[in-house]
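Student: Predicted model follows, preceded by the sequence.
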Amino acid sequence: MICFPIKYPDIITTKFLFISFLFIISLFAATALANESEERDPIVWTISFEGNEEFRSIVLGQLIATSRPRVYRKLFGRHSDFVLSETELRRDIVRIERFYQRRGFHNVRVRYEIKDRRRDWRKIVTFHIDEGSPLRIVSSQIEIEADEQTKQEIRESRDFIRTSERHDFRQDQRYQLIRQPDVEGAFRERLENLGYAWPEIEIEADVDSIANRVDVVIRLTPNSKTFFTDFKIEGDLSVPERVLIRQTDIREGDVYSRRQMQVAQRSIFNHHLFRFATITLPEQEKDSTLTALIRIREYPPRTIETSIGVGREEIVRGQVAWRHRNINGTGHRLGINARASFIEQRIGADYLVPYVYNSRGSNVTSAFGLHRLEPAFELYQVGFNTGLLYRPQRNRTASISYEFSANEERARDATIELIEPKLRYTISSITLSGYYAEGFSRDQRGWVVQPSAEFSGIFGEANFSFQKFNLDVRRFTPFSNSLTLAKRVNGGVIFYNQDDTLPANIRYFTGGTNSVRGWNRQELGPSIPTFEDDGVFAGYVPIGGRSTFSFNVELRQQLTQIIPNFGVAAFLDGGQVWESLSNLDERPLQFGAGGGFRYQSPIGPIRVDVAYKLNPTDEDLNIFDGQNFGSGWNRIGIHFSIGQAF
């Protein structure tokens, strides 16, 4: 029997804490009873809506000023700010009725009812709504006041046809007065994109409130077609005006287009030289000539930027960058940067040509040197890269680049047979890549597709000749403003016909903060045992492979209404690395599941994830030759980083 000595001071301390706890509970109970016996102001405890068929209760709840305490306020008695006011309830009736009336329900009637809960100071407020029959548009006509040629041009425009078929004042729609500015704006935009800078839009509605019917006429007057003839520039400009105007892709004599104006403004704003840019139409004669006003503000010509971050893998990372803008008045940029972490240290210089053929094309040439420390190998690399980037739209990008590098790769353990103790080689590769995102919103939603293909040693100028293909597909499905389902599938394959082994720097590895989170960095996949000098087992080291596949499914819930800027996530990850495509059946997919916290900070979401390996191998659990050298922690991956996993 094992006995533990008991110290009497510990018993006394425990009793004291227990008695203190009981005293505090009794004090809270007495205070609560005293409050219950006092006269209380009526508190709005519950709010509900009945009879609302067209609009959900959550929508109507945002219209009214009367509100109820949230759950945590009810639990802690913090509900003094929710005193019932019948004056405010009557105002809420007006708010609800106006909301309905502006959306076509001109006969809506609203009343409120107040009931007591078990404690009579807790009030249940119910709004009873009789929506009535809405106004319906029985006829809708579009009249264009212009010559026959202009009418034909407008009516045959694809955007105009789409707007005519989808606007809110078309036949059989509910007549919503609140939508009139949207309808006017949609038709005005279509005419402006066809070259008519000064259109006039008029909507006439004949309302029969007894029969609940409306006849609508949309009258369009395009006026004369306009052409860009002059540009005025406001702001201190360090480059020639032709460089700025060239960036807009608008030339003198071009037909006016509102869409082109917006694209030109974004193009200037995206230029590294300008921190602010707008393009507007100043007051002028409304004829066929057009003057555009460009307002700009530049960045300082030379800047130094620094940043620092933390993470589970890199521990600490920092970066410093020096940039010199507008080299010799050309608008080009020279940059020197250095970044370092516990995994990688890199220094480089780059030269940017922001305009190649048009404002959507750019070229970057860089030289670099780096040192990287991975679980299986250590890499020293120097090289240069030049690439052409083309961005036809905001959500589409294509690039082609060439890179040459000299590499020295060292095995971190000399006993690893598949990795040479020291390997020197060169890589000469051409890479084609693309990017597509569905929509233009900053919020993650819809599809994101990123393919790439790398061809190395095509002309025999490098030590290794291979082809590497990768595909990353993501899908973000928002269920509400606070709940999103994020999914990702990632795969890759290397085609290599030689008998020797590819360097570890070229091979695939997976596992870690941004991939399969049940595993630490690069630890999922093929691995081999390593030993100390005396032959004692020292652990497993990953060796990577020529093909890989992984997926992530993550449910993200923002809790902003409860805790500002805070959120939670639950996820399932899976993946594997194989030596080649012919070995897929030798290693099944492995899975990790878990959850985490997110905090939206000014520098990005701070993320903490904890994942559990669902089907680990002996290598994952650090079991060798039937003997367990690991612990329970080998089943768990803990990750801390800034930014979403994907």
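Tutor: Looks like it arrived, so ask away.
Student: G575 - nearest residue in space that isn't next to it in sequence?
Tutor: Once flanking residues are discounted, G575 sits nearest to S550: 3.0 Å by Cβ to Cβ, 6 or more residues apart in numbering. Placement of C-beta: from N, CA and C, glycine included.
Student: Phi and psi next, for that neighbour.
Tutor: Dihedral angles of S550 (phi, psi; degrees, to the nearest 10) stand at phi -150, psi 160.
Student: Please enumerate the strands of the stretch 301-450 of the chain.
Tutor: For the stretch 301-450 of the chain, strands defined by DSSP state E, counting those that start in this stretch occupy the ranges 302-311, 315-325, 333-341, 344-353, 361-373, 377-393, 396-411, 422-437, 446-456.
Student: Please list the outside residues in contact with stretch 475-491.
Tutor: Residues outside stretch 475-491 that contact it (Cβ atoms under 8 Å, 6 or more residues apart in numbering) are 443-448, 470-474, 515, 547-561, 567, 575, 644, 646.
Student: Average pLDDT for it, rounded please.
Tutor: Across stretch 475-491, the average pLDDT comes to 93.
Student: And stretch 445-464, by the same measure?
Tutor: Averaged across stretch 445-464, the pLDDT comes to 91.
Student: how about V207, what does it touch?
Tutor: Taking Cβ under 8 Å, 6+ apart, one finds 135, 175, 214 in contact with V207.
Student: For T431, state which of the residues you listed is nearest.
Tutor: Y175 (56.1 Å; Cβ to Cβ).
Student: tell me the contacts of the residue nearest to G575?
Tutor: So S550 contacts 489-491, 510, 515-516, 573-576 (Cβ under 8 Å, 6+ apart).
Student: Next step: the residues you listed restricted to strands.
Tutor: Judged by DSSP state E, the contacts of S550 include 489-491, 573-576 as members of strands.
Student: For the contacts of S550, name the two members farthest from one another.
Tutor: Most distant of the contacts of S550, by Cβ to Cβ, are G491 and D573, 14.2 Å apart.
Student: Settle it for me: which of those two has more neighbours?
Tutor: Shown here are G491 and D573; by other Cβ atoms under 10 Å, D573 has more neighbours (28 against 16).
Student: For the helix or strand hosting D609, output the C-alpha coordinates as CSV.
Tutor: Following DSSP states H and E, one finds D609 within strand 604-613. Output of strand 604-613 as CSV, limited to C-alpha atoms (Å, rounded to 0.1, in the frame of the first residue of the first chain):
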residue,chain,number,x,y,z
GLY,A,604,-5.9,38.9,-39.0
PRO,A,605,-7.7,36.0,-37.3
ILE,A,606,-5.7,34.5,-34.4
ARG,A,607,-6.3,30.7,-34.6
VAL,A,608,-5.8,27.9,-32.1
ASP,A,609,-6.7,24.4,-33.3
VAL,A,610,-6.6,21.0,-31.5
ALA,A,611,-6.9,17.9,-33.7
TYR,A,612,-7.0,14.1,-32.9
LYS,A,613,-5.6,11.4,-35.2
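Student: re the thing from before, just the closest of the contacts of V207 to D147, please.
Tutor: Relative to D147, the closest of the contacts of V207 is V214; by Cβ to Cβ it sits at 30.4 Å.
Student: Surely the closest one is in contact with P134?
Tutor: No - in this structure, V214 is not within contact of P134 by Cβ atoms under 8 Å, at 10.0 Å.
Student: residues in contact with V255?
Tutor: Residues near V255 by Cβ under 8 Å, 6+ apart: 195, 225-228.
Student: Name the residues of stretch 156-169 that are buried.
Tutor: By 16 or more other Cβ atoms under 10 Å, the buried positions in stretch 156-169 come out as 157, 160, 163-164, 167, 169.
Student: Can you flag which of those residues belong to helices?
Tutor: Among those, the members falling in helices (DSSP state H) are 160, 163-164.
Student: Output these in JSON lines, with pLDDT and distance to T248 appended to each entry.
Tutor: Converted to JSON lines, these look like this (pLDDT from 0 to 100; distance: Cβ to Cβ, whole Å):
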{"residue": "F160", "pLDDT": "96", "distance to T248": "25"}
{"residue": "T163", "pLDDT": "96", "distance to T248": "26"}
{"residue": "S164", "pLDDT": "95", "distance to T248": "31"}
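Student: from the residues you listed, which is closest to R394?
Tutor: Proximity of these to R394 was ranked by Cβ to Cβ; the top entry is T163 with 21.6 Å.
Student: Then L244 would be within a helix, right?
Tutor: Yes - assessed with DSSP: H, G, I helix; E, B strand; the rest coil, L244 lies in a helix.
Student: Can I get the buried part of the contacts of S550 as one ChimeraX selection?
Tutor: Buried subset of these, written as a ChimeraX selection, criterion 16+ other Cβ under 10 Å:
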select :490,491,510,515,516,573,574,575,576
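Student: ok, back up a step: just the buried subset of the contacts of V207, written out for PyMOL, thanks.
Tutor: Buried members of the contacts of V207, defined by 16+ other Cβ under 10 Å, are picked up in PyMOL with:
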select buried, resi 135+175+214
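Student: Which of the contacts of V207 fall within strands?
Tutor: Counting by DSSP E, the part of the contacts of V207 found in strands is V214.
Student: So which of the contacts of V207 is the closest to R312?
Tutor: The closest of these to R312 turns out to be Y175 (Cβ to Cβ; 57.5 Å).
Student: Relative to A205, how far out is that closest one?
Tutor: 7 Å (Cβ to Cβ, to the nearest Å).
Student: joint contacts of these two?
Tutor: Common neighbours of Y175 and A205 are listed as 214, 216 (criterion: Cβ under 8 Å, 6+ apart).
Student: and the end-to-end length of stretch 104-115?
Tutor: With Cα to Cα, to the nearest Å as the measure, stretch 104-115 spans 31 Å from end to end.
Student: chain center to it: distance?
Tutor: Relative to its chain's centre, stretch 104-115 lies at 41 Å (Cα atoms, centre = their mean, to the nearest Å).
Student: Break down the chain into its helices, ranges please.
Tutor: 8-37, 57-61, 71-75, 86-101, 148-155, 158-166, 180-193, 241-248, 258-270.
Student: Include distance to H332 when you put those helices into CSV, please.
Tutor: Output for the helices of the chain, formatted as CSV (distance: least, Cβ to Cβ, whole Å):
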stretch, distance to H332
helix 8-37, 70
helix 57-61, 52
helix 71-75, 56
helix 86-101, 55
helix 148-155, 42
helix 158-166, 37
helix 180-193, 33
helix 241-248, 10
helix 258-270, 15
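Student: among those, which is nearest G535?
Tutor: Of the helices of the chain, nearest to G535 by Cβ to Cβ is helix 8-37, at 47.8 Å.
Student: Could you list the low-confidence segments of this protein?
Tutor: Low-confidence segments of the chain, defined by pLDDT under 70: 1-39, 413-420, 440-443, 499-500.
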